[in-house]
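In: this one's sequence-less:
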């Protein structure tokens, strides 16, 4: 069935079907094996998944949901109502105070040696420029290390341009190698007395759409206005500097930081049949940036974990442990939701078997990596075995995982990442092009199937994954 056909079916039909199926719950026979249930879940996700309907509902009916904004508050209401209609237990919104940053308007221009408009957006959390904007000569560097090596006299009073392209990779590793200039570039430039910061967008697309994303300041240093140039505009500035050896730019940012605002982590559960106090956490982040609709980042993840919960609720037998679905607040520009979850649930973190977060759009799952106790390899192999039918490679030990899982990892909770194909994800990531039409329903169903199959196995397996050793927690 096409994406549009599924959308027409709508979320209301989804909920009626789910409610009808739940009337037939009971105990399955003891001979029912974990691999068989996991395989069946993956097949149901392929044939009968409602993930696209959930995703469409969030994207179309809520849209962008930057932390602290009216869209964020509407998303919390949507998530609570959706979990209730899907039949989750113990539903609640756990209050989180989040930063409230307003983007305002942005404009920029190359003013010498030629005049050309520049497409740019403020980086998340940036201060605004003075009312008349900033204008200055450009000093171009390929990295923070290259800037650090320059004498302060060559940077003072100038606008630093971080010209660091991101490489396209299947596993998304190119992002980690490029994103430091976004997060820490303004700090490094402030140490050199710069006037402001521009970066080449941390992304892989060729569209003339800049990529936003969070950046940081240090209180002891001046806070410099910082913006990201669309790739083609960064290319223009690069060519100009290469041809003439000099360039001058101006830009204006109208952003401002408002008082922190209330939001919430939205939590719902599929109670365990034998060990309800033991928890397998699966999550996604509910907030998004404000330029697009938050469809791939992270509407797809929200849909996948909600649909996983719905599929588990339909089973004749619930898994032994409780599956807790958490839609985290404020992942994009603060991680306040993740931090508050760990603080609020500190007493029960020892009962968390593992945490898993889906936050890479609807790229198909091709691998699985984990960080757990020293003896976890055999159990991970058993739990992940049914995913081979979906084209997923055997699990490997690695320290990659979703950002919202950092506080859990720091507490020793094992963390798991379903590796998704990120080949095209960073074309759209954090841009105005993060919209509903970019997700293929079949891909989303494969992600949902992998999530459901793994979650069932982890929640039903005998034994546990131990604790992450102290040396690997930070």
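Out: Perfect, I can see it now. Bear in mind that the values here come from a model prediction, so they are computed numbers and not experimental data. Numbering: from 1, shown residues only.
In: Need phi/psi at the residue lying closest to residue 319 once chain neighbours are set aside.
Out: Leaving aside its chain neighbours, residue 319 sits nearest to residue 459 (3.6 Å; criterion: Cβ to Cβ, 6 or more residues apart in numbering). Placement of C-beta: from N, CA and C, glycine included. For residue 459, the backbone dihedrals are phi -80, psi -20 (criterion: degrees, to the nearest 10).
In: show me where pLDDT drops low in the protein?
Out: The chain contains residues with pLDDT under 70 at 1-34.
In: Assess the claim that the residue nearest to residue 319 and residue 323 are in contact.
Out: Yes - taking Cβ atoms under 8 Å as the definition, residue 459 is a contact partner of residue 323 at 5.2 Å.
In: tell me, what's touching these two both at once?
Out: Common contact partners of residue 459 and residue 323 (Cβ atoms under 8 Å, 6 or more residues apart in numbering): 272, 280, 312.
In: Would you verify that residue 349 is located in a strand?
Out: No - assignment of residue 349 by DSSP: H, G, I helix; E, B strand; the rest coil gives helix, placing it outside any strand.
In: I'd like the distance between the residue lying closest to it once chain neighbours are set aside and residue 265.
Out: Excluding its sequence neighbours, the residue lying closest to residue 349 (Cβ to Cβ, 6+ apart) is residue 411, at 4.8 Å. Distance, residue 411 to residue 265, by Cβ to Cβ, to the nearest Å: 16 Å.
In: Could you do residue 158 as well?
Out: Between residue 158 and residue 265 the computed distance is 42 Å (Cβ to Cβ).
In: Give me the more crowded residue out of those two.
Out: Between residue 158 and residue 265, residue 265 has the larger neighbour count (other Cβ atoms under 10 Å), namely 27 against 19.
In: Which strand residues bridge that one?
Out: Note on residue 265: beta-bridge partners by DSSP bridges are residue 94.
In: ok, now which ones touch it?
Out: Contacts here follow Cβ under 8 Å, 6+ apart; on that basis residue 265 touches 93, 94, 96, 326, 327, 328, 329, 337, 340, 341.
In: Would you agree the first one is in contact with residue 76?
Out: Translated: residue 93. Yes - Residue 93 lies in contact with residue 76 (Cβ under 8 Å); the separation is 5.7 Å.
In: More neighbours: the two, which one.
Out: Counted by other Cβ under 10 Å, residue 93 and residue 76 do not tie: residue 76 has more neighbours, with 23 against 18.
In: Tell me where the protein has helices.
Out: Using DSSP state H, the helices of the chain run over residues 3-21, 34-48, 51-61, 70-86, 144-148, 173-178, 180-191, 231-244, 300-313, 336-344, 377-384, 406-410, 425-428, 441-460.
In: and those helices as JSON lines, adding distance to residue 111?
Out: Shown next, in JSON lines, are the helices of the chain (distance: least, Cβ to Cβ, whole Å):
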{"stretch": "helix 3-21", "distance to residue 111": "45"}
{"stretch": "helix 34-48", "distance to residue 111": "54"}
{"stretch": "helix 51-61", "distance to residue 111": "39"}
{"stretch": "helix 70-86", "distance to residue 111": "35"}
{"stretch": "helix 144-148", "distance to residue 111": "23"}
{"stretch": "helix 173-178", "distance to residue 111": "27"}
{"stretch": "helix 180-191", "distance to residue 111": "20"}
{"stretch": "helix 231-244", "distance to residue 111": "11"}
{"stretch": "helix 300-313", "distance to residue 111": "41"}
{"stretch": "helix 336-344", "distance to residue 111": "39"}
{"stretch": "helix 377-384", "distance to residue 111": "56"}
{"stretch": "helix 406-410", "distance to residue 111": "42"}
{"stretch": "helix 425-428", "distance to residue 111": "30"}
{"stretch": "helix 441-460", "distance to residue 111": "44"}
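In: what's the domain layout of the chain?
Out: As assigned by automatic domain parsing, the chain contains the domains 3-22+31-99+259-472, 104-254.
In: show me what contacts the residue nearest to residue 104 when sequence neighbours are not counted?
Out: Residue nearest to residue 104 in three dimensions, not counting chain neighbours: residue 254, with 2.8 Å by Cβ to Cβ, 6+ apart. Residue 254 sits next to 103, 104, 105, 106, 128 when contact means Cβ under 8 Å, 6+ apart.
In: If we use 7 Å, what do you get?
Out: Contact analysis of residue 254 by Cβ atoms under 7 Å, 6 or more residues apart in numbering lists 104, 105, 106, 128.
In: if I look at it, how far off is residue 111?
Out: 19 Å.
In: same deal with residue 401?
Out: Counting by Cβ to Cβ, the gap from residue 401 to residue 111 is 44 Å.
In: Comparing those two, which shows the higher neighbour count?
Out: Looking at residue 401 and residue 111 with other Cβ under 10 Å, you find the greater number of neighbours at residue 401, namely 21 against 15.
In: circling back to that earlier point, pull the number of nearby residues for the residue nearest to residue 319.
Out: Residue 459: 27 surrounding residues under other Cβ under 10 Å.
In: what's across from the closest residue to residue 326 other than its chain neighbours in the sheet?
Out: In space, and not counting its chain neighbours, residue 326 is closest to residue 283: 4.1 Å by Cβ to Cβ, 6+ apart. As for beta bridges, residue 283 partners with residue 326, residue 357 under DSSP bridges.
In: Cheers, nothing more for now.
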